[in-house]
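Asker: What would the 3D arrangement of this be:
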Amino acid sequence: MGSLKAAPILLLLFLATVSAQTTPTFNITTLLDGFPDFSILNQLLTSTKVADEINARQSLTILAVTNGVLSAFQGSNPNTDLSDVLRYHVLLQFFGLDELKNLDMVNATSVTTLLQTTGRLPGNEGELNIYNLPAAVLFGSTVAGSTSGNATLVTNITRVDYEISIIQIDRVLIPPSFGIVQPTTPPPAPPTPVAPASEPATPASEPALASEPTTPASEPAPPSMAPTKPPTKPTPPTKAPASDAAPGSESAPGSGAVVVKGGVVAFFASLLAVLFM
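Answerer: Alright, predicted model coming up:
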């Protein structure tokens, strides 16, 4: 009798345990809140209610793209409903970096996406192939001959072990039948240091105008000519002193006059002598 009463209690405990095990321990929007580079993805997951579908599941892998990639994609497809595109980026299996690197390197690994569960796509178009190559890990369509292109694994963003893994890829994946175009130009990349280095080249060459000061440097030559003229002006005064010294020699003409007078006297004396002879 006591065992019969205990049975319902044990059943409730069992159900509570199972419920606790199946209740997700993560919230996708909360996880992405810590990564500003993925804020547009976070907003789209919330506005399309895809975040609620993710939070209701377990063992998932989210293929995330940055704001720049999503902005370029939206610019090329402004009127596109992105709900199913987002679902195409939710793998219904947990893959961390280690798990991806341990996948078969010969054959592709097919994984179901959240989009496949909607039943809106033909065949297995809602699945993705994972290619574990020596140089990279790629994600692409399972449809033979698809031209939608592959995305390359970039890095791990965050994870809750065996519950959810969020990894970064380099482009938006598109189901082949959607007819959505990829951006015609890649998302804007960070400016390279080469372009800014070339711009200062012109200003750097402009200092060649510094040669202009060479003309002013030669201009000081005229001032040097001015000082040379004053020394030549004193030359006339040098003659004046010479003439000033002449008075000192005026005694010479006096002595000459005496000589002349003596000669005249001698002449007249000799003349008188001749007359009286």
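
Asker: quick one: contacts for residue 142?
Answerer: Counting by CB atoms under 8 Å, 6 or more residues apart in numbering, residue 142 makes contact with 108, 110, 124-125, 127-129. C-betas here are computed from N, CA, C, even on glycine.

Asker: Local confidence estimate at it?
Answerer: With respect to pLDDT, residue 142 scores 93.

Asker: what's the distance between it and residue 176?
Answerer: 9 Å (CB to CB, to the nearest Å).

Asker: what is in contact with the two at once?
Answerer: When contacts are counted by CB under 8 Å, 6+ apart, residue 142 and residue 176 are jointly contacted by residue 125.

Asker: ok, the residue nearest to residue 143 when sequence neighbours are not counted - contacts?
Answerer: In space, and not counting its chain neighbours, residue 143 is closest to residue 176: 4.9 Å by CB to CB, 6 or more residues apart in numbering. Residues near residue 176 by CB under 8 Å, 6+ apart: 125, 141, 143, 146-148.

Asker: Farthest pair within those residues?
Answerer: Farthest apart among the contacts of residue 176 by CB to CB are 125 and 147. That separation is 13.5 Å.

Asker: neighbour count winner among the two?
Answerer: Set residue 125 next to residue 147 and count neighbours by other CB atoms under 10 Å: residue 125 wins out with 20 against 8.

Asker: If you drop the residues flanking it in sequence, what lies closest to residue 32?
Answerer: Distance criterion CB to CB, 6+ apart; nearest residue to residue 32, sequence neighbours excluded, is residue 42 at 4.0 Å.

Asker: isn't the one you found right next to residue 30, touching?
Answerer: No. If you go by CB atoms under 8 Å, residue 42 and residue 30 don't touch, sitting 9.5 Å apart.

Asker: Of these two, which one has the most company?
Answerer: residue 42 (20 against 11).

Asker: If you count contacts, what does the strand or helix carrying the more buried one end up packed against?
Answerer: Element membership for residue 42, per DSSP states H and E: helix 39-47. For helix 39-47, the packing partners by 3 or more CB pairs under 8 Å, 6 or more residues apart in numbering; DSSP states H and E come out as helix 28-33, helix 50-55, helix 67-76, helix 83-87.

Asker: can you put those helices in a markdown table and add distance to residue 95 and mean pLDDT?
Answerer: Below are the helices and strands packed on helix 39-47 laid out as a markdown table (distance: least, CB to CB, whole Å; pLDDT from 0 to 100):
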| stretch | distance to residue 95 | mean pLDDT |
| --- | --- | --- |
| helix 28-33 | 16 | 97 |
| helix 50-55 | 15 | 98 |
| helix 67-76 | 20 | 95 |
| helix 83-87 | 17 | 97 |
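
Asker: Adding distance to residue 116, write those helices out as TSV.
Answerer: Output for the helices and strands packed on helix 39-47, formatted as TSV (distance: least, CB to CB, whole Å):
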stretch	distance to residue 116
helix 28-33	19
helix 50-55	13
helix 67-76	21
helix 83-87	8
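
Asker: closest to residue 136 out of those?
Answerer: That would be helix 67-76 among those, by CB to CB, at 16.9 Å.

Asker: Which strand in this structure has the most residues?
Answerer: Assignment by DSSP state E gives strand 151-160 as the longest strand of the chain.

Asker: shaky segments in the stretch 101-250 of the chain?
Answerer: Residue ranges of the stretch 101-250 of the chain with pLDDT under 70: 181-250.
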